[in-house]
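In: Take a look and give me a structure for this.
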Amino acid sequence: MTRTDQKLLLVLLLIGLLTFVWSKFYTHPQVSPSQVVIKVEGEIVKILTLQEDAPLQRFTIKGKRGQAIVETKGQKVRMLEAPCPDQICVKQGWIESSRQTIVCVPNEVVIYIDEEASVDATTG
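Out: Numbers count the residues shown, from 1 in each chain. Predicted structure coming up:
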């Protein structure tokens with residue numbers, strides 16, 4: 001390997017490193033806001049928009065067996081309190097993905113994140 005080859009290799013490594021640093025720290029991916037959908041007895045009762053830096057918020061939801069408390073913080077949501085005997089929905093904790101759902105069967109409350117719902121209009 002000649003001295004010129006070494007310089008070329010060094011330049012290519014520096015370009016690769018600078019490209020990595022630039023893409024990691026100076027470009028921000030376009031994150032669409034997610035929405036939390038809360039249903040009681042199959043009907044949508046509340047839709048909340050989740051944002052990255054949102055503070056802690058609590059909401060009371062009236063279900064079939066009583067009131068439940070739903071909590072949001074940033075881009076996640078959880079059932080804080082529920083009137084059901086087994087507390088499975090509360091024990092599930094925070095969810096932050098559209099692949100996760102909180103279901104309180106006795107109270108008939110369903111909470112899920114809809115990441116596709118970033119459009120505020122519908123077409124007919």
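In: domain parsing for this protein?
Out: The chain breaks down by automatic domain parsing into domains covering 1-29, 34-114.
In: most tightly surrounded among those domains?
Out: domain 34-114 (a mean of 16; mean count of other Cβ atoms under 10 Å). (C-beta placed from N, C-alpha, C; glycine too.)
In: Quick one: end-to-end distance for that domain.
Out: Domain 34-114 stretches 6 Å from its first residue to its last (Cα to Cα, to the nearest Å).
In: Kindly report the same for stretch 75-91.
Out: Stretch 75-91 has an end-to-end distance of 19 Å (Cα to Cα).
In: as a whole number, average confidence for it?
Out: In this model, stretch 75-91 has an average pLDDT of 93.
In: among the domains of the chain, which gets the worst mean confidence?
Out: Looking at the domains of the chain, the bottom one is domain 1-29 with a mean of 85.
In: The lengthiest helix in the chain: what's the following helix or strand?
Out: Secondary structure of the chain per DSSP state H: the longest helix is helix 3-25. Next helix or strand after helix 3-25 toward the C-terminus (DSSP states H and E): strand 34-40.
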